[in-house]
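[1] Let's see this in three dimensions:
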Amino acid sequence: METLPNRSTPLPRPFKFEEFWLSNISFPSVVSRAWNGGRDLVECINTFSRDASVWNKTHFRNVHHKKRRVIARIYGVQKALAAYPNNELNNLEKQLHQDLELLLDQERDLWALKSRINCMVQGDRNTSFYHVSTIARRNRNHIAVVMDDLGNWLTEEREVMEYFRSGFEKLYTTSHESGNRVSNLGYQCNAQLTDEVKSSLEERVSTKEIKSALWSMKPYKAPSPDGLHAGFFQRFWLTVGDSIKDEVLKAFSDRKIPDYLNKTHIVLIP
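    Take a look at the predicted model:
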């Protein structure tokens with residue numbers, strides 16, 4: 001029995017901000033360029049997503065592959081030192097160890113973010129713990145086979161996906177276009193807002209409230225569809241803050257939330 005079948009259906013990989021990008025000194029300039037020019041928040045986010053994807057391929061590529069390559073180079077240098085010791089090889093080994101330490105930190109941050117573990121021991125490189133937590137969560141959430149309404153087992157990945165999709169469509173779809181509203185239930189609701197509360201609701205939201213609301217969010221929980229966590233906006237508040245405040249104030253002024261801010265990821269659990 002194959003308990004962990006390989007994924008045969010290619011799925012689109014959306015953009016996602018990675019915390020270990022912060023370790024590179026050139027990353028803040030990517031953020032600054034995206035938010036430079038007085039563009040709207042949605043334009044800044046789209047520009048940043050595009051530029052950050054290109055920047056990531058140039059500066060990081062695959063962290064795990066780079067780590068294996070650096071380790072292999074260290075082994076090669078150490079073998080050469082054993083046969084022909086010299087200062088040049090000593091300096092190269094020292095530099096490679098520094099590169100490896102940086103890559104290990106990046107790998108730790110990557111797995112910690114993927115594992116979604118809230119409690120992190122600061123300064124402790126628990127890479128293996130985060131890796132195991134991530135793999136365990138993925139295996140626990142993976143559904144390889146399912147039985148349909150006729151009692152048949154569906155084993156193909158595309159069939160399983162289609163079965164769940166059609167099931168949720170039936171669950172959340174109705175043939176009724178409108179419903180009848182009961183006009184009078186025989187009683188009246190006595191709960192009313194006071195004049196003071198009504199007045200406070202009409203007041204203009206302050207920039208202090210906007211910042212306080214952002215800082216009340218956990219930094220690196222599941223991101224929105226744009227791939228940006230709350231921690232990204234908290235970290236670069238001095239750069240992105242004005243565009244966020246303008247967008248929120250505009251939403252309160254127009255009494256309408258932009259469509260892209262209303263989008264979210266919904267996980268439907270079978």
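[2] can we go C-alpha only for contacts and neighbour counts from here?
    Will do.
[3] in the stretch 101-250 of the chain, which spans are helices?
    Remark: helices of the stretch 101-250 of the chain, listed N- to C-terminal, are 127-141, 157-171, 195-201, 207-215, 230-235, 237-254; assignment by DSSP state H, counting those that start in this stretch.
[4] Now do the contacts for residue 163.
    residue 148 (Cα atoms under 8 Å, 6 or more residues apart in numbering).
[5] any idea how far it is from residue 171?
    12 Å (Cα to Cα, to the nearest Å).
[6] Give the ranges of residues in this structure that sit below the confidence cut-off.
    In the predicted model, the chain carries pLDDT under 70 at residues 1-12, 60-64, 106, 109-142, 176-190, 268-270.
[7] re earlier: turn the helices of the stretch 101-250 of the chain into CSV, columns for distance to residue 221.
    Converted to CSV, the helices of the stretch 101-250 of the chain look like this (distance: least, Cα to Cα, whole Å):
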stretch, distance to residue 221
helix 127-141, 14
helix 157-171, 26
helix 195-201, 30
helix 207-215, 13
helix 230-235, 8
helix 237-254, 18
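[8] And the helix or strand hosting residue 95, what does it pack against?
    For residue 95, the host element (DSSP states H and E) is helix 87-115. Contact analysis of helix 87-115 by 3 or more Cα pairs under 8 Å, 6 or more residues apart in numbering; DSSP states H and E lists helix 63-83, helix 127-141 as its packing neighbours.
[9] Can you check what angle separates it from helix 63-83?
    Orientation of helix 87-115 against helix 63-83 (axes from the mean of the first three to the mean of the last three Cα atoms, to 10 degrees) gives an angle of 160 degrees.
[10] circling back: of the helices of the stretch 101-250 of the chain, flag the one that's most buried.
    Mean neighbours per residue, mean count of other Cα atoms under 10 Å, is largest over the helices of the stretch 101-250 of the chain for helix 230-235, with a mean of 17.
[11] Quick one: distance of that helix to the chain centre.
    12 Å (Cα atoms, centre = their mean, to the nearest Å).
[12] Could you find the closest non-adjacent residue to the residue nearest to the spatial centre of the chain?
    In the chain, the residue lying closest to the centroid (Cα atoms, centre = their mean) is residue 223, at 3.7 Å. Spatial nearest neighbour of residue 223, chain neighbours left out: residue 229 (4.6 Å); criterion: Cα to Cα, 6 or more residues apart in numbering.
[13] got the buried residues for the helix or strand that contains residue 30?
    Here residue 30 sits within helix 27-34, counting by DSSP H and E. Judged by neighbour count using 16 or more other Cα atoms under 10 Å, the buried positions of helix 27-34 are 31, 32, 34.
[14] and whichever helix or strand comes after it, what does it pack onto?
    Per DSSP H and E, the first helix or strand lying C-terminal to helix 27-34 is helix 41-59. Helices and strands touching helix 41-59, by 3+ Cα pairs under 8 Å, 6+ apart, are helix 27-34, helix 237-254.
[15] Can you say which of the ones you listed is nearest to residue 207?
    For residue 207, the closest of these is helix 237-254, at 6.4 Å, according to Cα to Cα.
[16] Show me what that closest one is packed up against.
    Contacts defined by 3+ Cα pairs under 8 Å, 6+ apart place helix 237-254 against helix 41-59, helix 207-215.
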